[in-house]
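> sequence-free structure coming up:
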Ligand code: SF4
Ligand code: FES
């Protein structure tokens with residue numbers, strides 16, 4: 001793989017062509033916040049928290065580092081007043097949208113925002129539209145159970161037609177990746193419910209220990225996809 005040379009906060013760094021600035025800068029020790037990034041899925045550039053300054057051909061501009069590939073000779077700044085001001089504005093707008101979300105309130109307080117007195121009209125959405133749930137369901141699990149619907153302030157991640165999901169396997173991957181805990185999972189010995197997608201599935205019980213360990217429909221999906229023997233999931237991973 002060809003290499004390129006660039007500077008990050010004044011230090012010369014070598015990186016593989018095609019690598020994104022976020023990872024390269026982090027590897028070089030930069031502290032860059034993110035909300036919509038996860039190494040397991042493709043970059044999406046939704047939250048803009050990862051913005052940094054790039055100087056190229058004598059011009060400096062703000063770019064999202066998660067979607068910006070390294071280039072020969074560019075000069076990158078990861079800390080500046082301009083970056084801080086822009087990130088602070090993003091957090092302020094997120095706070096106005098998701099006024100009660102603890103993760104966003106904590107982030108806002110860290111940026112010195114007066115959390116109790118927003119200068120914008122506040123709403124009580126729970127989702128920051130980072131798209132991680134949609135991407136993990138598409139790219140990692142391969143189920144494609146959810147997507148985005150609506151525009152502007154009405155945009156939401158949802159199963160098709162905003163109906164209870166027919167495809168969700170209740171694996172919980174979306175619950176795990178959501179950075180603001182907007183997808184709740186309720187687990188009982190009999191069933192698992194992913195509340196945001198209105199999906200409840202019965203649980204499979206381990207033949208050996210008798211404990212419920214995975215939704216039956218998830219087992220059906222994995223059995224087909226991984227082509228494992230039919231009885232592979234009769235026993236839970238702990239007893240196997
Ligand atoms: S529900 Fe969570 S993971 Fe999905 S888009 Fe909203 S904030 Fe992101
Ligand atoms: S992490 Fe880059 S835009 Fe969200």
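It's in. All of these numbers come straight from a predicted model, not from anything done at the bench. Ligands and ions are numbered 1, 2, ... in the order given.
> separation between the residue located most distally from the centre of the chain and ligand 2?
Distance to the chain centre peaks in the chain at residue 208, reaching 36.0 Å (criterion: CA atoms, centre = their mean). Going from residue 208 to ligand 2 by CB to the nearest ligand atom, to the nearest Å gives 43 Å. Where you see a C-beta, it was placed from the backbone N, CA and C, and this is true even at glycine.
> what do you get for residue 13?
Distance from residue 13 to ligand 2, by CB to the nearest ligand atom: 19 Å.
> in a helix, that residue, correct?
No. Residue 13 is assigned strand when assessed by DSSP: H, G, I helix; E, B strand; the rest coil, not a helix.
> how many neighbours does the closest residue to it other than its chain neighbours have?
Once flanking residues are discounted, residue 13 sits nearest to residue 28: 5.1 Å by CB to CB, 6 or more residues apart in numbering. Neighbourhood size, residue 28 [other CB atoms under 10 Å]: 18.
> just give the nearest non-adjacent residue to the residue minimising distance to the centre of the chain, would you?
Centre of the chain computed as the mean C-alpha position; nearest residue by CA atoms, centre = their mean is residue 132, 3.3 Å away. Residue nearest to residue 132 in three dimensions, not counting chain neighbours: residue 177, with 4.4 Å by CB to CB, 6+ apart.
> near ligand 2, which residues of the chain are found?
Residues of the chain lying close to ligand 2 (CB under 6 Å from any ligand atom) are 34, 35, 36, 37, 45, 46, 47, 48, 49, 50, 64, 66.
> separate out the buried members of those.
34, 35, 36, 37, 45, 46, 47, 48, 49, 50, 64, 66 (16 or more other CB atoms under 10 Å).
> state the pLDDT value of the fourth one.
Translated: residue 37. The model reports residue 37 with a pLDDT of 98.
> how about residue 40?
96.
> so which helix or strand takes in it?
Using DSSP states H and E, residue 40 maps to neither a helix nor a strand.
> thought the residue nearest to the centre of the chain was touching residue 175?
No. Using CB atoms under 8 Å as the test, residue 132 is too far from residue 175 to be in contact (10.7 Å).
> now do stretch 42-62: distance from first to last residue.
Separation of the first and last residues of stretch 42-62 by CA to CA, to the nearest Å is 21 Å.
> scratch that, stretch 166-175
Stretch 166-175 end-to-end distance (CA to CA) = 18 Å.
> residues of the protein that sit close to ligand 1?
127-133, 157, 177-178, 180, 182-183.
> ok, and the most crowded of the residues you listed?
Result: residue 132 is most packed of the residues of the chain next to ligand 1 (other CB under 10 Å), 27 neighbours.
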